[in-house]
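Trainee: sequence plus the predicted model coming up.
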Amino acid sequence: MSAELWQLRIREINQAEVCDDGKYILYWMIANRRTDWNFSLQRAAWWAERLKRPLVIFEALRVGYEWASDRLHTFVLQGMRDNRAAMSDAPVIYYPYVEPKKDAAKGLLKSLADDACVVVTDDFPCFFLPRMVEAVGKKLKVKLEAIDGNGLLPMRAADRDFPRAHSFRRFLQKELPKHLENAPKANPLSGKSFPAADNKLIADIQKKWPAIDTDTLEDPSKFIAELPIDHEVPAVETMGGAKAARKQMKWFLQEGLKRYAEQRNDVESECVSQLSPYLHFGHLSVHEVFHELTQQEKWEPSQLSEKVTGSRDGWWNMSDGAESFLDEIITWRELGYNMCHLRGDYDQYRSLPDWARQTLEEHKEDEREHVYTLEEFEHAKTHDPLWNAAQRQLVRDGRIHNYLRMLWGKKILHWTNTPQYAAKVMIHLNNKYALDGRNPNSYSGIFWCLGRYDRAWGPEREIFGKIRYMTSDSAMRKLSLKGYIKEYAEGQLFD
């Protein structure tokens, strides 16, 4: 990769210098929680080779963040289990740490950084991570770099946010080609020559802040039960970690992709990728997904269309399923990252386009036939069997089928007193229960229900105004949903 393209992915968090007298390079793994296809790990290994220092990889998990629960902790710890196994023979120190109580980790990162030449971390534009990284940067006396491995397009390649997917897609068609062959290495440590790390390097630190042990990572349920987190949101069947991520990716590419273009909105066909939790937690890289897909399609960049139209179809010159999937995993996914990177108010009602806020304001006094509380929404106590089923799927499985997630959000707008409160309800329920919540695409989906990335629609309706309208009755006519409603019927929560 050229130095120019690398620089787009490197963000200097502070103005501190590299410490030539440091004992090691520290990679603080916070978002790209994987060992392969990882730009951050690749950068840390580059520093280790350049400065001839060993490499320490520190993957940590706090307990004090909002919505911390058994569900989210279990998924992350399953990823730690895979990372420990993957690095068991590597010449590095892998240090997985899970905070046993709030503020127990206070001073840990600084202690590690005090002996480091340089600290490398992941650049993630959402949730509490940007604030945390900036705060740490102000405290460290050593250089802190954040590396962007979020998408095929570096976030800093775009200097503006985009009002619609079409305009962003058009931008991608101009800018993305030069980045397609600049993927991270499949194995960032392969071929690197730096000193092997000796556990004595951080022995005193690990004595004070013990790493989570292998047995606990194999079965973390008892350990998690003792943590000060939300135990009413239990773990789900979906397994976290790189191994499960690759298994799901292979299933989708072999079985789901060929049906994706025609059946992805068919709730009962289950041909969607279900990769979003793995992409969110960094257990899987979008670069690896793209690589595997293009290998399967026998595709080369020379097949790209020269026409820059912003159209969804025909630019990649792949199969219909591949083109449809790439539009979701690149255009729509990276559109959300673009918003979070450039707009600090990405999770605020005021971030909606002017026309959307205006039409919702004009209809704020419209009479609502049904109005529900947060508790009623959370416990699926509405009059609508389909909406209730979608909410039960979210609570039980940690996901809602993509099409029904749109309907789920639209009806929350329909059944709340104000659109501002509707946004708060959607954010809380999605971030609390969804494995892929707390992500740029969570906010894209939620605020799409309120007009973001959309246009004004007619006829103008009560409550919605010119916001796109969706109904359960229409969904029931279009899709086969009887089996879905039965599967997630009342009484099915946490069964």
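Mentor: Yes, it's here. Numbers count the residues shown, from 1 in each chain.

Trainee: rest of the way, CA atoms for contacts and neighbours
Mentor: Will do.

Trainee: and the helix or strand where residue 120 lies, what does it pack onto?
Mentor: Residue 120 is located in strand 116-122, with elements delineated by DSSP states H and E. Based on contacts counted as 3 or more Cα pairs under 8 Å, 6 or more residues apart in numbering; DSSP states H and E, the elements that strand 116-122 packs against are strand 24-29, helix 39-51, strand 144-147.

Trainee: and those: which comes nearest residue 201?
Mentor: Distances from residue 201 to each of these were compared using Cα to Cα; the minimum, 8.3 Å, belongs to strand 24-29.

Trainee: show the average pLDDT along the strand holding residue 120.
Mentor: Average pLDDT, strand 116-122: 99.

Trainee: tell me the buried residues in it?
Mentor: Buried positions in strand 116-122, judged by neighbour count with 16 or more other Cα atoms under 10 Å: 116, 117, 118, 119, 120, 121, 122.

Trainee: residue ranges of the helices in the stretch 51-200 of the chain, please?
Mentor: Secondary structure of the stretch 51-200 of the chain (DSSP state H, counting those that start in this stretch): helices at 70-86, 108-114, 129-139, 165-175.

Trainee: packing partners of the third one?
Mentor: Put plainly, it is helix 129-139. Using 3+ Cα pairs under 8 Å, 6+ apart as the contact definition, helix 129-139 packs against no other helix or strand.

Trainee: rerun that using 10 Å as the cut-off
Mentor: Helix 129-139 sits against helix 108-114, strand 116-122, strand 144-147, with contacts defined as 3 or more Cα pairs under 10 Å, 6 or more residues apart in numbering; DSSP states H and E.

Trainee: quick one, that helix and strand 116-122 angle?
Mentor: Direction vectors for helix 129-139 and strand 116-122, defined by axes from the mean of the first three to the mean of the last three Cα atoms, to 10 degrees, enclose an angle of 170 degrees.

Trainee: run through who's touching helix 129-139.
Mentor: Contacts of helix 129-139 from elsewhere in the structure, counted by Cα atoms under 10 Å, 6 or more residues apart in numbering, are 12-16, 30-31, 109-110, 119, 121-125, 143-146, 341.

Trainee: can you do 7 Å?
Mentor: 13, 14, 124, 144 (Cα atoms under 7 Å, 6 or more residues apart in numbering).

Trainee: name the nearest residue to the second one, ignoring sequence neighbours.
Mentor: In other words, residue 14. With Cα to Cα, 6 or more residues apart in numbering as the criterion, residue 14 has its nearest non-adjacent residue at 5.4 Å, and that residue is residue 137.

Trainee: where does pLDDT dip in this protein?
Mentor: 1, 491-495 (pLDDT under 70).

Trainee: domain assignment for it?
Mentor: 1-149, 242-342, 350-487 (automatic domain parsing).

Trainee: how far does the last one sit from its chain's centre?
Mentor: On the basis of Cα atoms, centre = their mean, to the nearest Å, the separation between the geometric centre of domain 350-487 and that of its chain is 20 Å.

Trainee: measure it end to end?
Mentor: Domain 350-487 has an end-to-end distance of 38 Å (Cα to Cα, to the nearest Å).

Trainee: what's the answer for the second one, then?
Mentor: Using Cα to Cα, the gap from the first to the last residue of domain 242-342 comes to 29 Å.

Trainee: ok, now stretch 56-65?
Mentor: Separation of the first and last residues of stretch 56-65 by Cα to Cα is 25 Å.

Trainee: chain center to it, what's the gap?
Mentor: Averaging C-alpha positions (Cα atoms, centre = their mean) puts stretch 56-65 17 Å from its chain's average.

Trainee: what about burial for the contacts of helix 129-139, which qualify?
Mentor: Members of those classed as buried by 16+ other Cα under 10 Å are 13, 14, 124, 144.

Trainee: the first one contacts residue 141, correct?
Mentor: Right, residue 13. No - no contact is recorded between residue 13 and residue 141 when judged using Cα atoms under 7 Å, the distance being 11.6 Å.

Trainee: for the strand holding residue 120, which outside residues touch it?
Mentor: Applying Cα under 7 Å, 6+ apart, the contact partners of strand 116-122 are 18-32, 40, 44, 113, 142-148.

Trainee: now stretch 13-29
Mentor: Here stretch 13-29 makes contact (Cα under 7 Å, 6+ apart) with 41, 44, 47-48, 53-59, 113, 115-122, 134, 137-138, 141-146.

Trainee: from the contacts of helix 129-139, which is closest to residue 355?
Mentor: For the contacts of helix 129-139, the minimum distance to residue 355 (Cα to Cα) is 29.7 Å, reached by residue 124.

Trainee: the closest one and residue 32 touch, don't they?
Mentor: No - no contact is recorded between residue 124 and residue 32 when judged using Cα under 7 Å, the distance being 8.7 Å.

Trainee: report the buried residues of the host helix or strand of residue 430.
Mentor: Remark: residue 430 resides in helix 419-433, with elements defined by DSSP H and E. With burial defined by 16+ other Cα under 10 Å, the residues of helix 419-433 counted as buried are 419-433.

Trainee: stretch 265-276 too?
Mentor: Of the residues in stretch 265-276, those scored as buried under the neighbour-count criterion (16+ other Cα under 10 Å) are 265, 266, 267, 270, 271, 272, 273, 274, 275, 276.

Trainee: could you find the closest non-adjacent residue to the second one?
Mentor: Of all residues not flanking residue 266 in the chain, residue 479 sits nearest, at 6.2 Å (Cα to Cα, 6+ apart).

Trainee: for the most centrally placed residue in the chain, give me its contacts.
Mentor: Residue closest to the mean C-alpha point of the chain, counted by Cα atoms, centre = their mean, is residue 280 at 2.3 Å. Neighbour list for residue 280: 436, 439 [criterion: Cα under 7 Å, 6+ apart].

Trainee: tell me the buried residues within the contacts of strand 116-122.
Mentor: Buried members of these, scored by 16+ other Cα under 10 Å, are 18-19, 22-32, 40, 44, 113, 142-148.

Trainee: returning to that earlier point: pretty sure the residue nearest to residue 266 contacts residue 265?
Mentor: No - between residue 479 and residue 265 there is no contact, the gap being 8.1 Å when judged by Cα under 7 Å.

Trainee: now for residue 348, how many residues are close by?
Mentor: 14 (other Cα atoms under 10 Å).

Trainee: what do you get for the one 3 residues further on?
Mentor: Using other Cα under 10 Å, residue 351 has 15 other residues around it.

Trainee: surely residue 308 and residue 169 touch.
Mentor: No - the pair formed by residue 308 and residue 169 falls short of the contact definition of Cα under 7 Å, at 9.0 Å.

Trainee: more crowded one of these two?
Mentor: Between residue 308 and residue 169, counting by other Cα under 10 Å, residue 169 is the more crowded of the two (24 against 13).

Trainee: so how far is residue 331 from the nearest residue to the more buried one once chain neighbours are set aside?
Mentor: Nearest residue to residue 169, sequence neighbours excluded (Cα to Cα, 6+ apart): residue 310, at 5.0 Å. Here the criterion is Cα to Cα. By it, residue 310 lies 10 Å from residue 331.

Trainee: and residue 257, by the same measure?
Mentor: For residue 257, the distance to residue 331 equals 17 Å [Cα to Cα].

Trainee: neighbour count winner among these two?
Mentor: Higher neighbour count among residue 257 and residue 331: residue 257, with 24 against 21, using other Cα under 10 Å.

Trainee: quick one, what contacts the closest residue to the more buried one other than its chain neighbours?
Mentor: Nearest-residue entry for residue 257: residue 321, 5.4 Å, with adjacent residues in sequence omitted and distances by Cα to Cα, 6+ apart. Contact partners of residue 321, counting by Cα under 7 Å, 6+ apart, are 257, 258, 259, 260, 261.
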